[in-house]
Every structure is written in structure tokens, then in C-alpha cells.
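Chemist: Provided below are the primary sequence and the corresponding predicted coordinates.
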Amino acid sequence: MFRFQSLDEDCTLEEEDEGQIEEEDGIDQFNDDTFGAGAIDDDWQEEHKRLAGLDRTGLGAGLGLGGGGMGGESDLGGAINSTHLHSSAGHLPLPSSLKFSSSSGLPLPDMEDRGGGGGLAESLARLILEADPAIAGVGAAERPGPSSSSSGSSLSPLQGLERPRVLPQPSCIPHLTQSHQLPHHPQHQLPPGPSISGLPPGTSPMSMLSYQQQQHMLRRGTAPMAQMNSHSIWENSMGFGPVSVTPTLVTHMEDSPLMSIIKEVGLPKRAPQGRNDEARDLSERVPPPRSSSPVIGSPPVRAVPIGTPPKQPMSHALNHQIHHPTAVHVRAPIQHRYPPPFPERVSPNTLLNLAVSFSSPQLFQNSPLCCGPFPPGVGPVLSQIQRAQLLNSQVAGFPRGGPAAPLLPGGGGFRPFFGGPPPPLGHRMGPPPPHCPPNHTPPIRHNTTHLHPQHRRMLTQRMQNRGGEHGRTGGDRRSRDPYSNLMSQKEKEWVTKIQMMQLQSTDPYLDDYYYQNYYEKMEKRQERERDSSKKEHTTKLITPQVAKVEHTYRPVQFAGSLGKLTVSSVNNPRKMIDAVVTTRTDDEEKREKQVWNKRRQILYTVEKMYSLLLEVQDFEKRFVQAPEEDREVLLEQHKSNTVQLCNSLREKEWDDRVSDEQCVMIMSVRKGKRLISRLLPFLPSPQSAAVVMAISRNLPALAKKDKQDQVLCWLVEPVSAVILSLSSSALTDLLQELQGNEGQLATVLHNKFGVTLLYLILSEGERMQSSDSNCQLMDDNRWTELVFSVTRELLSVPASSLSPPLFTPPNLLSLFSRYVDRQRLEVLQDKLQISSLSSPILEGLNQALCNTTLSTHL
Amino acid sequence: MNYVPGTASLIDDIDKKHLVLLRDGRTLIGYLRSIDQFANLVFHQTVERIHVGKKFGDIPRGIFIVRGENVVLLGEIDMEKPCDTVLQQVSIEEILEEQRLQQQSKQETEKVKMLALKDRGLSIPKADNLDEY
């Protein structure tokens, strides 16, 4: 997109210029830095001045051409007019003066068009050619060329001198043909104003004019006409809805398609006079050096900031030596190392027009390419874009009409010339596709090295399929469209370059994960399908790796001076606050920190254990999936993990037992409790028993700590599993632990988990007793005593303080019935809400149910 | 022709007739002349097409520059495809009138809805303000 410099539609007086100049220059300076010197340059101002001299000489005639349309233009046309003005002095008054001046010439245009236009054309052409020696050769050859039509010649001077316009108009010529219609529209006549000579120096109305003319031809004053004209192209190309036709414009309608084609054909011989070339050059001069950002501390100042529209003409499109030393495919345009034989400032569009001229055989000799092909080594790099161009020129159908081939820098006509490029494009190019149009040299591929070879193959196939279709239809349509190619080749390349820069990545597996994976899978699939003999066909995917370079700014320090010289720029902004860490030595803080440290340590331990635990838990899954050879390794790993886990529960390395403190510590954290509950099934039984012991021993403390979280109940399931596996002595021990000191049981009963645990123990004991007649539970009196004390406690404790358990095992009743008399049994029954079950079968069923509810409950 | 094969780019769409739907609901049809890296679009011979029911009307707008962020979708119009549509083209005045009526009726229903919601203690913010958040 082009940047419009300033919209000074209202400023028509010269006096206002001065005040605004500096401001605008300043703004433009900033704009330059940001957007690049798209159009503001010093040189073209001088050019303007020079050409203004030309203006004064014989412009009156030519200007009249456009004058008629200017008066009644629509708002849009006016805006466009002024937007094409640059902010430098002398340009602001241009539109108005132009209007005036051009209108003064209004009665004359017809005559002078045809007659005097030639003289004007000559003078303008001379001026341009002087300015641009490179084109001199071209111009000289073409000047004596006959003008095929009067209006063609009248247009040529205007195109001969194209000032830096924001929007180039390479082929808007056809509508200029309507200039001869101007006299029919008297309402567009403006009062005569100052003559051209009144224009301040440095103006060049010509290009303005030409563009404005073109605009005005379309939008002449009245809205219906605008509508008419805006439909005209659409009408031509496709019936797009009904169009309200005003009688005056019928003639236009009829003429325009025919005229446009004629004009196009008649045009090309004039085009290479550097019309476009001037526009390109003058907008591409080097901008004034940046005033800010010195070299120290910032990246090298680019003459052109990133994001600038293209400057150099891509004449190395015609080079046939390609160097691509690195895998970085996007490059800024590189200065020519050798003087190109081709005129330096010939733009792709010029080349295009040359191509067009080439298509009409009588003009072939005028083409500068008759100078012969380039010497080898003309340019260093054929960039990706240019190669794409070449490829397109050869893959796409050749027969495209005139300016309809914006992408053909040389067009198919340069075939003999392009005989050179394909071979040196060398290693980047793949084999030519199986079928290509017979009139093309082997097509060149894009620089698609960064694509997967499979991908590349698919793309070239696709392009070939499409190339034929599009070439025929697109060209046909575009030959009728006089507004095509507003976006020059360079601009397209510029946009593409920006987009490609965005594609560069330092980590393709991160940025383009799905693409990489997809093609990897495809490769693997293909490898599997093919047999091993064909292995050499699978090519490795090469991805461009942009080097990750660390750019850190180190402030410069001069020897012997205090401090460092810091320069702030975009890449190292100034530090606003210099933060320094200082340690505070407060006693209280130390204590607080200790507490926090302890907690942090616990959390840290928990985390470590968790990661081990997860590995252990996943072991099963991985083991199944792993191939045979890996299984042993996995097993080893698993064992070590388990061992590590167990060790972590111990306090000291040499202590074999599970450390109480450690357990308690872990369980003081919510996550720790969860961890233990998940961990228990994986521990070997003595250790898990020890853990459960530790839990029951410290239950009151744990219960207190759990008040907030209330997550102790997570432990029920794993603990019950452990209990079931306990031996009778262990069980007795457990019960003993649970009872612990005086009053512990009461606390235990208070807590839900405690009650549940108690019941579990009792139930297990009962189960043991009832199922196995010669179990050792009754060998010593401990169990009996313990149960007695439990029942005593249960009886004494008020019902309200008894916390309801998670579930009540059914065999408690039978347990209690052994130890207490009937009366107390009933009391217990009420308190604990144990139902009485007489039938042993039912009891057994209930037992089973109880076990299942255990698992579902939790 | 794609300069970077394997990617999507608007370069190939240049000089072709397109239909673009903007975020404010407008539909523009025009020739795409220029683009930039933000997908700002330059349309030539733009026509704003207003659809109301089965009718539509075209308002010629000239040259439009659309900021890329305001584009909802953009599609090429196939000139060769036969234009068999049930839509009926009407004049600009008529379509504007239709549009006004449509907006009016929409506003009325919206008002009734808001009132009903208010009675129930609910308030749903209007969609057009949401962009600001």
C-alpha cells in the first residue's frame, strides 16, 4: 500500500505553503523512518524543478487535455488529485493551478493534441532522456516512431513524464482517449486561470495531469456519469447488473472497449520512455540520513527501515547467476556488484511494456533487449521472488495480452534470452515436471527448498494444471482492464517478502508443528510401504534455520572514565529503575522465613514424590506400549522409582523405618495427603503398614491440621486396603496405636476419618475372628482388651460428639455382641446406628456389599 | 501465481473482482487493486451492495481503501459463472428505504425484548458495544 503524503485539498494558496512546509517536512521525516522513503526524496524535487522548466515551454497544449474533467470532478477525484501531491513546496498549489492552467488550454486541445502534441512529446522526451542516460538509447530509437493515432501521440507526452505519483498508472491510457470528447462537455470548463508559467518551479503538472486525466475521464462531474463509468469496465468484462445509461455517454460506452484495445496496442512504443521508470526512480532515492539512533548501542542503521516499499528495480530478475549460500531465502534487494547491461532504473513494468512492445513485431527492434543478453554474472542473487516470476512466466500460458501479464518481467518473448537462466538455477531446482507446454524452456521451480519435497512435487503439479487455465482466461480479461497492474511487480514482491520474513522461524517444530508432523508421518508411511531398495529416494527435509543470535547491548565504557556510556534505542530501551536486591536481617523475619521455608520444603518434597509416583503409576501403561527391547530398561527404571519413593518417606538415609515425622509433615499439606493416598498401594506391605501405623498414631494431630481441608477421608480406601492385608498382630498393634494415650480415642471418635478407621479395624478383626477359627487374634488378650476399651469409650461418649463414619461395616454388631451384654449392645446399636443382622448369609452378603460400597464410595 | 508456494497470499487476487464483507456489515464489491502486509485492500470501482430480503441495490462508491482489520471475509467473484440469482435488483432509493424499514423494525423488536428482559431483571448488553471490551 502506498502512503499518501498529505491531503491538502483546501490549500490552494502559495502563502500557506511556507507555513506548512517545515511541519510537513518534519512529519515526513518521521514517516520516512517508519515507512521508508516511499515517495519523498530529495532528488525528485530537483527533477521537478528541472522539468518545470519544460512545463513552461510548451505545456499549455498538453494540459488542456485534462482540464475539462477537473472542474466537475467528484470528491473522490479531488481527493486523489491532492493526495498525489507531495508535501514539499510548490506542489500544494498544483491542483488548483493545474485546473486553471489546464482549463485555459481547453479550447485548444483538439488541435494541439494532434499537431502540437508531437512537439511537446519531443521536448518532454528529450528532457527525460537527458535525465536518464540509460533510457537514452531507448528513447532515441523510439522517438522517430510513428504515432499510430492522434490521441495516442497526444497522450504520450503526458506519459513521457511521470512524476512520482503514489499510484502508478501504467496502463490507464485507454481512458485518456476520451479526452477528445472533452469539447462536448462545456460544463466542465473552468474560468481561465494563470498560465503554466505561473506555476512555481519544481512543479511538474504532467504526471499529475496524466493521472488526473485518467481519473477524470472516468469521473466526469455528474454522478450518473460516474456511475456510468464505474460500470463501464464491468459492463465490458461481464454483465454486472443493469446500468443506467445517459445518452451522452452511450458513445463512450461503445468506444471504450474498442478504443482501449487500440490504445493499448498503440501505446507500448511510448511506454519505455521511462514514464514508469521515472516514477520508480524518483521514489527510490536514498532518504536523508537518520538524525537519531547513533551506531553505538543499536543495530546497524538501515538506509531503509524494514517495511519500506521496494526501491531498486528488480532487474536482477534477468540475471542468471544465482547464489544462495545460506538457507535464508529472504533477502533485501542487494546492490548490483556489476554494472548491469540493462539500464539500471528500468522497472519491471518497463520491462513488461517492453515485452508488450515485443509482441508487436514492428517494434521489436526498439526493445532495449536487442542490445543482447546479459553477460553472465550480472547480478549476485536471483531472489526467490524473481525466480517465482521466472517460473510463472514459463509455467503459465504464454499468450497473454498486453499489460495483462504483470508477472512476466520478460514475457514469453524473451525466451531466447531466458535460455540462460534455467541451468544455473541449478541445485535449487528440482527435475522438470513431466509435461510442460512445448513452447517453454524447462520450467524453473520456485525456491521451495524449505518445503518438504513431497509438498513441492504436489505444488508444481498443481501449478501446471492451473497455469494453462488461468493463462488463457486471465489474460483475455485483463487485456480489457485498463486499471490493471496498479500494483507493480516490485510492490508485490515487497509484500511477499514481508510475508516471507514472517515465515522464517528459528524453531520450525514449534512454529509449524502440524506441517512438520504431517510430512513426517507421510514420510514414515512411505518408508514402510516402499521396500528397502528404494531408500535413496526419500530425501531429507531441509528447513531454513535462522540463526538465533543473541543481541544484547553492552554499554560502551571508555577506559579511565567513570561509568558506562549508555545509549538507548529501540532495541535497548533505557532502564528506568535500577533495582538492586538487598537482604534484610531481621530476627522476626528470619523466623517467619523459617516457617515458610519449612512449608516450602514440604511442598517441594511432595512435588518430587509426586513426580516419582506418576512415573510409577504410568509404568504399567508404558510397559505395555514399549517394544520388547525397551521393556527391561523400563522395568529397571520402575524399580528404582519405587525404591526412591520409599526412601523419601524415611527421615534419615540410614533409618530403615518409615519416619513418622516425615509422614506427618507430608500429610500436613493437602497435596501430601492426596499423595499418600495414591502412594499406599504401591508401597511394599511392611512399609504401607508402617505408614498406616504412623497415621493412626498421629491421628489427632492430623485431624487438627485437616480441619480446614477435610480431606483425610481420601485415605480411607487405601488404608482399608492395607488393613485388609494386615496380620492379626499388626492389626492389634494398629488398634493400640489408634487408641494411643489417654483421650486419644475420644479425639479419634470425634473425627470422621478416625471413626471410619476404627470401624475398619474392628470390622477386620471381627472378620478375622469369625472366618478363621484359629486365628491368632485371641491368642493374647490385647485385642480383647482393646476392644473392651473401645466399647467403653463408645458407650461413654455422647452421641453428639460421635462423628458419623463414612460407612458402617455390618459385622460390628456381631463384634460387639461378643464383648458386651445385651443392654449395652442395644445402647451401642442406637448410638452407632448399627442394624442387627441375624442371618449369616445376609451378613456375608452385607460384607460383600460393604466391600463394594467401599470402592464406589470413595 | 504464488511467490511462496504452500502459503496463501492475496497477491494472486489482484485485479480481480472481489466481494468483501466488512465488520460493520457492509458488503463491497470491487476490483482489488492493491494490498499490503496488513491485508489493507484497495478496491477500485467499488459498489456497496445492500441486501434487504430478496432485493438488493448497488451504490457506486468509487475507490475504497479498507483497513485490513475490518475485513471479515473476502472472496473472488467468478466472472464466468452464470449469474443465476433469485435476487432482484432495485434502485438505490428503494433499497435504502427498505433498509431503513428493516432497521426500524429490528429496533422495535429489540426495544420490546429489552423491556421484557428488564421486567425480569435481566439486561443483555448490546452487541455493538462489545468490541470495546
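Modeler: Now that the structure is in, tell me what you want to look at. Residues are numbered from 1 along each chain as shown, chains lettered A, B, ... in the order given.

Chemist: now the helices for chain B?
Modeler: Along chain B, the stretches classed as helices by DSSP state H are B:92-119.

Chemist: mind listing the strands for it?
Modeler: With DSSP state E as the definition, chain B shows strands at residue ranges B:17-22, B:27-35, B:41-52, B:55-66, B:71-76, B:88-89.

Chemist: go through those strands and name the closest to residue A:801.
Modeler: Across those, residue A:801 has its closest neighbour in strand B:71-76 (67.9 Å, C-beta to C-beta). For the C-beta atoms, the positions are set from N, CA and C on the backbone; glycine is no exception.

Chemist: can I get that closest one in CSV? Just the C-alpha atoms.
Modeler: Extracted in CSV, the C-alpha atoms of strand B:71-76 (Å, rounded to 0.1, in the frame of the first residue of the first chain):
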residue,chain,number,x,y,z
VAL,B,71,-12.4,-7.4,6.9
VAL,B,72,-14.5,-10.3,7.8
LEU,B,73,-14.1,-12.2,4.6
LEU,B,74,-13.0,-11.6,1.1
GLY,B,75,-13.8,-13.7,-1.9
GLU,B,76,-13.2,-13.6,-5.6
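
Chemist: which elements pack onto that strand?
Modeler: Packing partners of strand B:71-76 (3 or more C-beta pairs under 8 Å, 6 or more residues apart in numbering or on different chains; DSSP states H and E): strand B:17-22.

Chemist: residues in contact with the strand it packs on?
Modeler: A:234, A:237-238, B:27-32, B:41, B:43, B:66, B:70-77, B:79 (C-beta atoms under 8 Å, 6 or more residues apart in numbering or on different chains).

Chemist: now do 10 Å
Modeler: A:233-234, A:237-238, A:240, A:477, A:481, B:10, B:26-32, B:41, B:43-49, B:64, B:66-67, B:70-79 (C-beta atoms under 10 Å, 6 or more residues apart in numbering or on different chains).

Chemist: got the angle between that strand and strand B:55-66?
Modeler: Strand B:17-22 and strand B:55-66 are oriented at 90 degrees to each other (axes from the mean of the first three to the mean of the last three C-alpha atoms, to 10 degrees).

Chemist: what strands flank strand B:17-22, and is each parallel or antiparallel?
Modeler: strand B:27-35 (antiparallel), strand B:71-76 (antiparallel) (DSSP bridges).

Chemist: which one of the ones you listed is the most hemmed in?
Modeler: Ranked by mean neighbour count, these are led by strand B:27-35 with a mean of 22 (mean count of other C-beta atoms under 10 Å in any protein chain shown).

Chemist: shaky segments in chain B?
Modeler: Applying pLDDT under 70 to chain B flags the ranges B:1-6, B:128-133.

Chemist: same check, this time on the stretch 551-700 of chain A
Modeler: In the stretch 551-700 of chain A, residues with pLDDT under 70: A:551-558, A:566, A:583-585, A:650-658.

Chemist: what residue in it comes nearest to chain B?
Modeler: Here the residue of the stretch 551-700 of chain A nearest chain B is residue A:570; by C-beta to the nearest C-beta that distance is 19.1 Å.

Chemist: burial count for that residue?
Modeler: 9 (other C-beta atoms under 10 Å in any protein chain shown).

Chemist: SS state for it?
Modeler: Look at residue A:570: counting by DSSP: H, G, I helix; E, B strand; the rest coil, its state is coil.

Chemist: let me have the strands of chain B in a markdown table, adding distance to residue A:788 as columns.
Modeler: A markdown table is the format used below for these (distance: least, C-beta to C-beta, whole Å):
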| stretch | distance to residue A:788 |
| --- | --- |
| strand B:17-22 | 85 |
| strand B:27-35 | 90 |
| strand B:41-52 | 90 |
| strand B:55-66 | 90 |
| strand B:71-76 | 82 |
| strand B:88-89 | 99 |
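
Chemist: related to what we said a few turns ago, format the strands paired with strand B:17-22 as a markdown table; extra columns: distance to residue A:673.
Modeler: Shown next, in a markdown table, are these (distance: least, C-beta to C-beta, whole Å):
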| stretch | distance to residue A:673 |
| --- | --- |
| strand B:27-35 | 61 |
| strand B:71-76 | 53 |
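
Chemist: residue of the stretch 501-650 of chain A nearest chain B, please.
Modeler: Using C-beta to the nearest C-beta, residue A:503 is the residue of the stretch 501-650 of chain A that sits closest to chain B, at 7.1 Å.

Chemist: I figured that residue hits residue B:8, correct?
Modeler: No. Between residue A:503 and residue B:8 there is no contact under C-beta atoms under 10 Å: 11.5 Å.

Chemist: more neighbours: which of those two?
Modeler: Taking other C-beta under 10 Å, residue A:503 and residue B:8 do not tie; residue A:503 has more neighbours (16 against 9).

Chemist: how about that one, phi and psi?
Modeler: Backbone geometry at residue A:503, expressed as degrees, to the nearest 10, gives phi -80, psi -20.

Chemist: per-residue confidence for it?
Modeler: You'll see residue A:503 listed with a pLDDT of 75.

Chemist: for the one 5 residues further on, same thing?
Modeler: In the prediction, the pLDDT value recorded for residue A:508 is 75.

Chemist: how near is it to residue A:452?
Modeler: 11 Å (C-beta to C-beta, to the nearest Å).

Chemist: which one of the two has more residues nearby?
Modeler: Each of residue A:508 and residue A:452 has its neighbours counted (other C-beta under 10 Å); residue A:452 has more, 22 against 18.

Chemist: where's the residue nearest to the more buried one when sequence neighbours are not counted, which helix or strand?
Modeler: Counting by C-beta to C-beta, 6 or more residues apart in numbering or on different chains, residue A:452 lies nearest to residue A:519, which is 4.2 Å off, once chain neighbours are set aside. Assessed by DSSP states H and E, residue A:519 sits inside helix A:513-529.

Chemist: elements contacting that helix?
Modeler: helix A:453-478, helix A:508-511 (3 or more C-beta pairs under 10 Å, 6 or more residues apart in numbering or on different chains; DSSP states H and E).

Chemist: rank those by pLDDT, which is bottom?
Modeler: Note on these: helix A:453-478 shows the lowest mean pLDDT, a mean of 69.

Chemist: and residue A:759, how many neighbours?
Modeler: Residue A:759: 21 neighbours (other C-beta under 10 Å).

Chemist: now do it against chain B, distance only.
Modeler: Using C-beta to the nearest C-beta, to the nearest Å, residue A:759 is found at 50 Å from chain B.

Chemist: per-residue pLDDT of that residue, please?
Modeler: On pLDDT, residue A:759 comes in at 83.

Chemist: then the one 5 residues further on?
Modeler: Confidence per residue is given as pLDDT, and for residue A:764 that number is 83.

Chemist: thinking again about what came up before, figure out which of the strands paired with strand B:17-22 is closest to residue A:645.
Modeler: Closest to residue A:645 of those, according to C-beta to C-beta: strand B:71-76, at 56.3 Å.

Chemist: name the residues that touch the closest one?
Modeler: Contacts for strand B:71-76 (C-beta under 10 Å, 6+ apart): B:10, B:12-13, B:16-28, B:32, B:35, B:39-41, B:66, B:68.

Chemist: same question, stretch A:595-607
Modeler: Here stretch A:595-607 has contacts from A:589-590, A:593, A:613, A:648-649, A:662, A:665-676, using C-beta under 10 Å, 6+ apart.

Chemist: elements contacting whichever helix or strand residue A:734 is part of?
Modeler: If you go by DSSP H and E, residue A:734 is part of helix A:728-739. In terms of contacts (3+ C-beta pairs under 10 Å, 6+ apart), helix A:728-739 is packed against helix A:685-697, helix A:716-725, helix A:744-750, helix A:752-771, helix A:782-796.
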